[in-house]
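Asker: would you be able to build a 3D model of this:
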Amino acid sequence: MAIMCIGQSAYDILVPMQDSIIENQKYRITDKVECGGGPALNASYLCSLWGAETYLVSRIGNDYYGDKLRRVLIDIGVNIDYLIKDDKISTPYSFILCNQQNGNRTLFNFPGEKSGLDFTLPDEKIDVILSDGHEPEVSIAAIKKYPDAISVVDAGTYRESTYQVAKEVDYIVCSEDFARQYTGKAVNLENWEECKEIFAEVKKINNKEAVITLGEKGLLYEMDGELIHLDAYKVKAIDTNGAGDIFHGAFAYGIDKKLELLDILKKSSMASAISVQSMGGQISIPTLAEVEKQLDLVSKK
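Answerer: Model (predicted):
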């Protein structure tokens, strides 16, 4: 059983702040956290940490940040033999300001300029494909190459590239931002009929399966034709950076293990909840044992 994560990798530099940023002020920084980041990298790290055979197809430059990311991936066991060849790209990186009062973050991403698209895909059997929409040509090629694989899109914000991938996958797992940007309507849990309409519109993109994540408000999913709201696990957030990536990585892992959908969603939600209680994306990813322990504790309350 193997999982392929396709999309963006980045090197994150996080700065903890005690309040929101105010314009025209000076801030003296005495602390920072550096680690791997990006939707595809974080998801691949989680899948490998949890014991799945994992491939990452992503653009990582031949530079200082790229070398650090490759070492992180190799150490955890992610197969990086199929990184996209792009000698001209600088490894994407992000400066992230984290409000310690509420865990919200302000992210400045430097994606790097893309040039050619020279990629190959493994001949080995792939069982699950997770795409964040950043490399649509690669993602769609992988879906065609592995017709028996179950495919998932991590749709964080609406972009044409993400939409193109979303049309091809088995599962659209999108944020409420994507749902609002696509449908023009914001999810309001107090207006359940409109929630049904929004969910139905998102689901029509692929005419298969969908999940809408709502951050601290939980998520929406469908079971036997009925729309269901699943609450989030209540925690004190320190840094929400990477929480969505971690959710999607856990979702792909659950699909790979053929778990029931509700079990997958609970594991994914708990992994995300644990991660936001500490700084950093990749370095806050919990082990599977940690997630299962916390789920067991919750079930006994």
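Asker: then stretch 210-228 to CSV, C-alphas only?
Answerer: The C-alpha trace of stretch 210-228 is given here as CSV (Å, rounded to 0.1, in the frame of the first residue of the first chain):
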residue,chain,number,x,y,z
ALA,A,210,-16.8,15.7,-0.5
VAL,A,211,-15.9,17.0,2.9
ILE,A,212,-15.9,20.7,4.0
THR,A,213,-13.6,21.5,6.9
LEU,A,214,-14.5,24.5,9.1
GLY,A,215,-11.5,24.9,11.4
GLU,A,216,-12.5,25.2,15.0
LYS,A,217,-16.2,24.7,14.0
GLY,A,218,-15.5,21.2,12.8
LEU,A,219,-16.5,19.8,9.4
LEU,A,220,-19.3,18.7,7.2
TYR,A,221,-19.6,15.3,5.5
GLU,A,222,-22.2,13.1,4.1
MET,A,223,-23.3,9.6,5.1
ASP,A,224,-26.0,7.7,3.3
GLY,A,225,-27.2,10.9,1.6
GLU,A,226,-27.5,12.8,4.8
LEU,A,227,-25.4,15.9,5.6
ILE,A,228,-23.7,15.6,9.0
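Asker: what does that stretch rub up against?
Answerer: Applying CB atoms under 8 Å, 6 or more residues apart in numbering, the contact partners of stretch 210-228 are 171-176, 179, 187, 189, 192, 195-196, 198-199, 202-203, 209, 229-232, 237, 240, 243-244, 247, 251, 261-262, 265, 269. C-beta: built from backbone N, CA, C; applies to glycine.
Asker: among those, which are in strands?
Answerer: Among these, DSSP state E puts 171, 172, 173, 174, 175, 209, 229, 230 in strands.
Asker: isn't residue 33 right next to residue 284, touching?
Answerer: No - using CB atoms under 8 Å, residue 33 makes no contact with residue 284, being 9.4 Å away.
Asker: who has more neighbours out of the two?
Answerer: Set residue 33 next to residue 284 and count neighbours by other CB atoms under 10 Å: residue 284 wins out with 23 against 19.
Asker: which ones are touching the more buried one?
Answerer: Applying CB under 8 Å, 6+ apart, we find residue 284 in contact with 239, 242, 246, 274, 275, 276, 277, 278.
Asker: separate out the buried members of those residues.
Answerer: Those of those that meet the buried threshold are 239, 242, 246, 274, 275, 276, by 16 or more other CB atoms under 10 Å.
Asker: where's the dip in pLDDT among the residues you listed?
Answerer: Taking pLDDT as the measure, those have their low point at residue 239 (85).
Asker: list the contacts for it?
Answerer: Neighbouring residues of residue 239 by CB under 8 Å, 6+ apart: 14, 16, 98, 100, 103, 105, 276, 278, 279, 280, 284.
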